[in-house]
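Chemist: No sequence on hand, only this structure:
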């Protein structure tokens, strides 16, 4: 009986030792798997896969001016041999986009132009990306109403602003005509002076007394840059005739 109890105690002790050894053997395996999973999650992605092909230029491009040379280089990151083209819309008339990403030429008119450019990288595998752009062609000589033409007693008067956005001084002629219903034109404003480059919003007043009747007011400005043989012209008029009811 005593021998039987001894045998059972030894068997139980061996079983406990076996479990302990098994835990020691198994636990490192679990830790290794956890470490492998954590390492996989922390591993950085392939830089090229994360980066891809990217057009770096800002969506709003530098402004241009009519009849002035314009040039801009589109840049892409993530490609080697890039090929460029316009996918949607159109660049300003007078400009063209080369396959190399070089936009150049002389815009022929003012306006805001929206277009989409694509770049294609001809590696393996081939990749491409598109981006929308806005290019504003600003009037080199801008003319706007400051105090719109109006009737004041027996006078028509008002004022306009002129802006020279070019890099040149221009010889400016400013004239305002009040045109009656019978076609007779009366000058109610005139100036001739040098409008310096970078001048913004210079106010030019006009006005004079007129006989009874209706008048459409026409404003014309002409700027000449003689050394470059450039002439800029802007004009505007009142949408309807202004009625002078009080005689001079």
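Modeler: Right, received. Where do you want to start? These numbers come from a predicted model, not from an experiment.

Chemist: Skipping adjacent residues, who's closest to residue 60 in space?
Modeler: Nearest residue to residue 60, sequence neighbours excluded (Cβ to Cβ, 6 or more residues apart in numbering): residue 134, at 5.2 Å. Quick note: C-beta positions are derived from backbone N, CA and C, even for glycine.

Chemist: Now do the helix or strand harbouring that neighbour, average pLDDT.
Modeler: In the assignment (DSSP states H and E), residue 134 maps to strand 127-137. Here strand 127-137 scores 93 as its mean pLDDT.

Chemist: for the next helix-or-strand element following that strand, packing partners?
Modeler: Heading C-terminal from strand 127-137, the first helix or strand you meet, by DSSP H and E, is strand 141-152. Under the contact criterion of 3 or more Cβ pairs under 8 Å, 6 or more residues apart in numbering; DSSP states H and E, strand 141-152 touches strand 155-164, strand 202-209, strand 213-225, strand 230-237, strand 242-244.

Chemist: now the residue nearest to residue 60: how far from residue 236?
Modeler: 25 Å (Cβ to Cβ, to the nearest Å).

Chemist: can I assume residue 74 is in contact with residue 84?
Modeler: Yes. Here residue 74 reaches residue 84: they are 5.8 Å apart, a contact under Cβ atoms under 8 Å.

Chemist: what residue ranges in this protein score low on pLDDT?
Modeler: 1-51, 79-81, 123-126, 247-248 (pLDDT under 70).

Chemist: tell me the domain boundaries of it?
Modeler: The record's domain parsing of the chain by automatic domain parsing lists 52-137, 141-244.

Chemist: Need the ones you listed in JSON lines (columns: mean neighbour count).
Modeler: Formatted as JSON lines, these follow (neighbours: other Cβ atoms under 10 Å):
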{"stretch": "domain 52-137", "mean neighbour count": "15"}
{"stretch": "domain 141-244", "mean neighbour count": "16"}
